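> Structural data only, the sequence is not supplied:
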Ligand code: ADP
Ligand code: MG
């Protein structure tokens, strides 16, 4: 690294010993390089000055700049509650500025009757604007100050740090640091080869660093952000793709060369329906992995109802045909039991032994599962988290399927494949579609299969939004569906599984349902997480067999539950569910040939986001589109898995979820480079090694082995 960049930050003009200590303690900045690698998280256009009446709700909690006269001041409260208020106005209206601390310091700077530039985040209450702890500067002084550019960067800070170094001084300090770099052409030498920069239209690193701090124009700022994101994501891709390449070179996969008796018999004689093209393709993809000599790590994405279970079952037959055991782990007891029931049905007449193990397995069932797995007598073991317990051992586990993989933690999943000295083939299945970009990063070193086709004859589910005033209409509709012999789900939100109170909604709902749907005509079953497993089972079994018309439940039925005769899904307080959860719940209907419906009940008053979610549900049935939308609404942080991978890399500008285009470009570059030089050991790649390691925070997550 260049000498300038490793210099102690205390030597930068405007810093000194005390501020240097604070910078280190509060934000981990030790050197000039550290300081310049902290980028602004937003910019204000200093050339733009608003009138008070131009500030509207859309600007709330964004920085704005105003030019106002101070017309009055007042103090309220005592002690810690003391606050200082300044009344200000311009030709368009008035506003108030508030200070809760640092009052002594600020009141000395306030001169009533004088004009100030005011800079801060507005909040609006009944049309009146106020600003807490704004920056103020007398107008004459602000106008005389020569600024580096019209944009001023805002750096993230802490309370202590911002008291010592405000927005303006931070700006000055960073500028002084840049002066040191400007004098040293070796600082921020470009790690990317010239041809690669040309090919990707990237500006130089030095130019990018300068413009990220002091944008000379909006275009320059964009170019700088693009370049710096590119470097970050190239680092990420070099890490991930190197793992993939390494895994491909490792020949340690079990070989399943035979398409044997079980698979063939099942395929020819027992298959209950014709496979969709997508199911066939995915089975082929899995099979080609199983004969490749490499260990399979495959993610199977398929929207709810696309028929993943059959793919899992048939690929497990391939393992058993080759003398290996297979297991499938599901996130809930209900789902594990359902898999057990349907797989036993599929396997009728085949020479194959299937066992189940869950947390509530009774002694006999448990013993059969444990002993059978250990001796090798059990071919397919189905279960919940119970499968990862230490007591569960296999004679020769060759294949592991994880259903609804996002419901499991990384460590939980990883435990399953350490049960063998040699890692089994792994298929993780999810119905929560992950947008393509995110999949590329989270699972960049996995193979991805997609079932993008629903079984034939499915009609798109019709989705409607009702408020409480339409409840009677909704009940009328349920009656007419039940009269046709169909079944109905009614789902209530659950806030915290641990508190009995949270079942109040469900039980209130049950009571009002019992009133509106009186016996003997209607049979209502209830199912929620707090019930004893056998009661849950009984309720599910009753509903599944048609012994109940209505199933009142919490989101325990969210994943996997398959009752094709159910045609209506009513979701109460739908605004309280996330988008992917709503989509999952809706996926419980529309599984047979009948027209199905999803009714979203909500209050009249909805947040902007809540409304957007419900509207999106009414608009589309496409899980991939919904997940892209979800990303936009929530940001990437909340999408499963991002947290894990987000933490593994230290990214300052790039967003794993939304920087699609750069992600693809860097991925291709990374593959090209690694193909020629897997270790990055060539002299011209040395700087890329640094780039790669700069953004790697933790080593212990190895994506190729977690899922
Ligand atoms: P998911 O992908 O959500 O796990 P399932 O495997 O539960 O979906 O399948 C949903 C329903 O579709 C089940 O009732 C299943 O038997 C049925 N199914 C699966 N594949 C087909 C097919 N090719 N043709 C007709 N029905 C199918
Ligand atoms: Mg499923």
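Ah, there it is. Remember, it's a predicted structure, so these values are computed and weren't measured experimentally. Ligands and ions are numbered 1, 2, ... in the order given.
> For the closest residue to ligand 1 within the stretch 351-500 of the chain, list the residues it contacts.
Closest approach of the stretch 351-500 of the chain to ligand 1 (C-beta to the nearest ligand atom) occurs at residue 455, with a separation of 3.3 Å. Every residue, glycine included, has its C-beta placed from N, CA and C. For residue 455, the contacting residues are 273, 276, 305, 306, 307, by C-beta atoms under 8 Å, 6 or more residues apart in numbering.
> is it fair to say it lies in a helix?
No - counting by DSSP: H, G, I helix; E, B strand; the rest coil, residue 455 is located in no helix; its state is coil.
> In space, what's closest to the residue of the stretch 151-300 of the chain found nearest ligand 1 - neighbours in sequence excluded?
Per C-beta to the nearest ligand atom, residue 273 is where the stretch 151-300 of the chain lies closest to ligand 1, at 3.6 Å. Distances taken as C-beta to C-beta, 6 or more residues apart in numbering put residue 455 closest to residue 273, at 6.9 Å, once the chain neighbours are dropped.
> Do any residues in the helix or strand residue 580 falls within lie close to ligand 1?
In this structure, residue 580 sits in helix 579-586 according to DSSP states H and E. No - if you take C-beta under 6 Å from any ligand atom as the test, helix 579-586 misses ligand 1, and the best it gets is 9.1 Å.
> re the thing from before, what's the pLDDT at the residue nearest to residue 273?
Residue-level confidence at residue 455 comes out at 89, pLDDT.
> The one 4 residues further on too?
In this prediction, residue 459 carries a pLDDT score of 86.
> And residue 336, by the same measure?
Note on residue 336: pLDDT of 92.
> So it lies in a strand, does it not?
No - counting by three-state DSSP, residue 336 is not found in a strand; it is helix.
> gap between it and residue 328?
According to C-beta to C-beta, to the nearest Å, residue 336 and residue 328 sit 8 Å apart.
> okay, and the common contacts of those two?
By the contact definition C-beta under 8 Å, 6+ apart, residue 336 and residue 328 are jointly contacted by 382, 383.
> rewinding a little: what about the residue of the stretch 151-300 of the chain closest to ligand 1, helix or strand, and which?
Under DSSP H and E, no helix or strand contains residue 273.
> wait, residue 401 sits on residue 325?
No - look at residue 401 against residue 325 with C-beta atoms under 8 Å: they stay out of range, at 12.0 Å.
> These two: which is more packed in?
residue 401 (30 against 25; other C-beta atoms under 10 Å).
> residues touching the more buried one, list them.
Per C-beta under 8 Å, 6+ apart, neighbours of residue 401: 312, 315, 316, 326, 327, 328, 329, 426, 427, 428, 429.
> near ligand 1, which residues of the stretch 301-450 of the chain?
Within reach of ligand 1 by C-beta under 6 Å from any ligand atom, the stretch 301-450 of the chain has these residues: 302, 304, 305, 306, 307, 308, 309, 310, 431.
> Narrow the residues you listed to those in helices?
Judged by DSSP state H, these include 308, 309, 310 as members of helices.
> Now distance to residue 266 and pLDDT too, for those residues, in CSV please.
Shown next, in CSV, are those (distance: C-beta to C-beta, whole Å; pLDDT from 0 to 100):
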residue, distance to residue 266, pLDDT
308, 17, 94
309, 14, 95
310, 10, 96
